[in-house]
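J.: Quick one: sequence and predicted model below, then my questions.
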2 protein chains.
Amino acid sequence: MSLTKAEVTRLRSLQDKKVREAEGFYVVENVKVVAELLAAGHAFEELYALSGSELPPGAGAPVWVSAEELARISHYPTPSSVLAVGRMRRADLAPGELAGGLTLALDGIQDPGNVGTLLRLADWFGCARVLLSSDSADLFSQKVINASMGSFVRVRVVAGSLEPALALARVAGVPVLGADLAGESVHGLAATANAVLVIGSEGRGPSPAVRAEVSRWVTIPRYGGAESLNAAVAAGIVLAALRRT
Amino acid sequence: MSLTKAEVTRLRSLQDKKVREAEGFYVVENVKVVAELLAAGHAFEELYALSGSELPPGAGAPVWVSAEELARISHYPTPSSVLAVGRMRRADLAPGELAGGLTLALDGIQDPGNVGTLLRLADWFGCARVLLSSDSADLFSQKVINASMGSFVRVRVVAGSLEPALALARVAGVPVLGADLAGESVHGLAATANAVLVIGSEGRGPSPAVRAEVSRWVTIPRYGGAESLNAAVAAGIVLAALRRT
């Protein structure tokens, strides 16, 4: 088939976060990631595939396109063999929800690869949800989705302002832990079924407004000269401690 | 001053690993990283700086160049204000060295950002050294140096084939731990002053030849659906356990 100019323009424009938010759709092109998301039960709204290419299981009937058309709609200089379009779903925090399970709260994590890695980590440690601050990388950017390796589908993510959510957690008596360069040692932390863990950007740590909602500071003892740990590494070490059996 | 064509060609060509190995020099351009390396006591052989730009402390007398010259010698489309050239130093393993302290052995970690993050982690946890397999990202690539944030200078790195080094560790009675999807739980691991920890690529894990040298397998219990953890996250969790006090 031949795509209209308007269709090409629409699909290309979804690389812009503002357009994604206005339209309510996002794009995934990496065929391996599309396969992982389909395998995890994710349904796409539209799928464009290179004529004659092999489709991932569960892809359904795609719109077959030529290499030239795929190059025109792709967000990358070197297109994959598919371009999948999904509908963005925004989750809201239910009242009292934070009282159940572990919550990973990401404050100003701007690197999309880091956010994806953190989603994967939250998935590994069975976090009930991830809170993603508005100034973190966009959940629906391809880099985040690719780095999450399918955890994008499995982890419940609530995006928005962290402060009101953390204030609710405090009112509900759920401990709000913050990882920082000073605090009690992670090695003394007891395993905890219900808690929120706040991870800030590795340079600055959590923002002042978020810091005000943290009830306990946790640190990872340092033995050498590095000034900081990668945010995902720090989160992994604290989550492992919370899950210690 | 005006750089000769041969000088421009030489500086540009150092972005190629083979040229770096033949010439024995590497390049760092990120001015923040150059400043960190200087602050950590690293000496550069040559420093090219944009005329009129501010130099990091300890930079010494640079070769001042024009924006056009900097663009010609830079390895990036958008040059920084400095280009520093350092001399590559290759470390060899001393006899019996592995018996002292913690060693992080990286097996086939190809992503340079991951290798840099792992160097930073080794620095944080005071590892005595890092062994870097020949099929890992090159220590002297700018991406590794930038991601290491100065740990490049502080951590002793021995690059080469892992198997003979690990075999020496085994003979010396140093435990060689390997992180994998199966093994004893990291939570049961006792703090250990002298050990080698082998981290493989997150997709494949350690290579078969390296696996044969591992004496104990350690795993990070999983609670959710993710298929793997990022290599640096896994290394951080195991190193934290080895440093538990």
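T.: All right, it came through fine. Fair warning: this is a prediction, and the values are worked out from it, not measured in the lab.

J.: switch to C-alpha atoms for all contacts and neighbour counts from now on
T.: Fine.

J.: How far away from the center of its chain is stretch A:114-132?
T.: Relative to its parent chain, stretch A:114-132 has a centroid offset of 7 Å by C-alpha atoms, centre = their mean, to the nearest Å.

J.: just checking, what packs against the longest strand along chain A?
T.: For chain A, the longest strand by residue count, based on DSSP state E, is strand A:176-185. If contacts are counted by 3 or more C-alpha pairs under 8 Å, 6 or more residues apart in numbering or on different chains; DSSP states H and E, strand A:176-185 sits against helix A:162-171, strand A:195-200, strand A:216-219, helix A:231-242.

J.: which of these sits most buried?
T.: With neighbours defined as mean count of other C-alpha atoms under 10 Å in any protein chain shown, those peak in mean count at strand A:195-200, which reaches a mean of 26.

J.: After that one, heading C-terminal, what element do we hit next?
T.: Using DSSP states H and E, the helix or strand that follows strand A:195-200 in sequence is helix A:208-211.

J.: in chain A, which spans are helices?
T.: With DSSP state H, the ranges of helices along chain A come out as A:5-13, A:17-23, A:31-39, A:67-73, A:112-124, A:142-148, A:151-154, A:162-171, A:208-211, A:231-242.

J.: Just put those in CSV and tack on mean pLDDT.
T.: Listed next are the helices of chain A as CSV, based on pLDDT from 0 to 100:
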stretch, mean pLDDT
helix A:5-13, 96
helix A:17-23, 95
helix A:31-39, 92
helix A:67-73, 95
helix A:112-124, 97
helix A:142-148, 95
helix A:151-154, 93
helix A:162-171, 93
helix A:208-211, 95
helix A:231-242, 97
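
J.: Report the mean per-residue pLDDT for stretch A:177-195.
T.: Average pLDDT, stretch A:177-195: 95.

J.: for that stretch, how far is the first residue from the last?
T.: 7 Å (C-alpha to C-alpha, to the nearest Å).

J.: Buried deepest among the helices of chain A, which one?
T.: helix A:112-124 (a mean of 26).

J.: For that helix, enumerate the helices and strands it packs against.
T.: Using 3+ C-alpha pairs under 8 Å, 6+ apart, helix A:112-124 sits against strand A:129-133, helix A:142-148, helix A:151-154, helix A:231-242.

J.: which helices and strands sit right next to the second one?
T.: Other elements packing on helix A:142-148 under the criterion 3+ C-alpha pairs under 8 Å, 6+ apart are strand A:25-28, helix A:112-124.

J.: mind redoing it with 6 Å?
T.: helix A:112-124 (3 or more C-alpha pairs under 6 Å, 6 or more residues apart in numbering or on different chains; DSSP states H and E).

J.: and the angle for the helix it packs on with strand A:129-133?
T.: Here helix A:112-124 runs at an angle of 160 degrees relative to strand A:129-133 (axes from the mean of the first three to the mean of the last three C-alpha atoms, to 10 degrees).

J.: can you give me the angle helix A:112-124 makes with helix A:231-242?
T.: Using the same axes, to 10 degrees: helix A:112-124 against helix A:231-242 is 10 degrees.

J.: what does helix A:112-124 rub up against?
T.: Residues outside helix A:112-124 that contact it (C-alpha atoms under 6 Å, 6 or more residues apart in numbering or on different chains): A:137, A:143-144, A:147-148, A:151, A:155, A:232, B:222-226.

J.: What is the burial count for residue A:225?
T.: By other C-alpha atoms under 10 Å in any protein chain shown, the residues close to residue A:225 number 18.

J.: Chain B contacts on chain A?
T.: A:120, A:123-126, A:222-226, A:233, A:236-237 (C-alpha under 6 Å from any C-alpha of the partner chain).

J.: farthest-separated two in those residues?
T.: A:126 and A:225 (32.3 Å; C-alpha to C-alpha).

J.: ok now do residue A:56, which residues does it touch?
T.: Residues in contact with residue A:56, defined by C-alpha under 6 Å, 6+ apart, are residue A:35.

J.: separation between it and residue B:187?
T.: Look at residue A:56 and residue B:187: by C-alpha to C-alpha, they are 38 Å apart.

J.: what does residue A:98 give?
T.: In terms of C-alpha to C-alpha, residue A:98 sits 26 Å off from residue B:187.

J.: neighbour-wise, which of the two wins?
T.: Taking other C-alpha under 10 Å, residue A:98 and residue B:187 do not tie; residue A:98 has more neighbours (23 against 19).

J.: which non-adjacent residue is nearest the more buried one?
T.: residue A:169 (5.9 Å; C-alpha to C-alpha, 6 or more residues apart in numbering or on different chains).

J.: what's the answer for residue A:25, then?
T.: Take residue A:25 and drop its neighbours on the chain: the residue closest to it by C-alpha to C-alpha, 6+ apart is residue A:87, 4.5 Å away.

J.: One more: residue A:137?
T.: Closest residue to residue A:137 apart from its sequence neighbours, by C-alpha to C-alpha, 6+ apart: residue A:110 at 4.6 Å.

J.: mind giving me the domain split of chain A?
T.: A:5-87, A:97-242 (automatic domain parsing).

J.: For the closest residue to residue A:90 other than its chain neighbours, which residues are in contact?
T.: Sequence neighbours aside, residue A:158 is the residue nearest to residue A:90 in space, at 7.1 Å (criterion: C-alpha to C-alpha, 6+ apart). Listed by C-alpha under 6 Å, 6+ apart, the contact set of residue A:158 reads A:91-92, A:131.

J.: With respect to chain B, which of the residues you listed is nearest?
T.: For these, the residue nearest chain B by C-alpha to the nearest C-alpha is residue A:131; the value is 17.3 Å.

J.: how close does that closest one sit to residue A:198?
T.: Taking C-alpha to C-alpha, one finds residue A:131 at 9 Å from residue A:198.

J.: ok, now residue A:137?
T.: On the measure of C-alpha to C-alpha, residue A:137 and residue A:198 end up 16 Å apart.

J.: go on, residue A:10?
T.: As for residue A:10, its distance to residue A:198 is 37 Å (criterion: C-alpha to C-alpha).

J.: residues in contact with residue A:178?
T.: A:197-198, A:214, A:217-218.

J.: could you redo the last one with a cut-off of 10 Å?
T.: Contacts of residue A:178 were listed using C-alpha atoms under 10 Å, 6 or more residues apart in numbering or on different chains, and they are A:105, A:196-200, A:205-206, A:210-211, A:213-219, A:235, A:238.

J.: which residues does it form a beta bridge with?
T.: Beta bridges link residue A:178 to residue A:198, residue A:217, judged by DSSP bridges.

J.: I'd guessed residue A:134 sits against residue A:105; true?
T.: No. If you go by C-alpha atoms under 10 Å, residue A:134 and residue A:105 don't touch, sitting 11.4 Å apart.

J.: if you count what's nearby, which of the two comes out ahead?
T.: residue A:105 (27 against 17).

J.: how about the helices and strands packed on strand A:176-185 in JSON lines, adding distance to residue A:60?
T.: Formatted as JSON lines, the helices and strands packed on strand A:176-185 follow (distance: least, C-alpha to C-alpha, whole Å):
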{"stretch": "helix A:162-171", "distance to residue A:60": "38"}
{"stretch": "strand A:195-200", "distance to residue A:60": "39"}
{"stretch": "strand A:216-219", "distance to residue A:60": "48"}
{"stretch": "helix A:231-242", "distance to residue A:60": "35"}
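
J.: can you put the helices and strands packed on helix A:112-124 in TSV and add distance to residue A:62?
T.: Putting the helices and strands packed on helix A:112-124 into TSV (distance: least, C-alpha to C-alpha, whole Å) gives the following:
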stretch	distance to residue A:62
strand A:129-133	32
helix A:142-148	20
helix A:151-154	21
helix A:231-242	36
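
J.: If anything else comes up later, I'll come back, but that's it for now.
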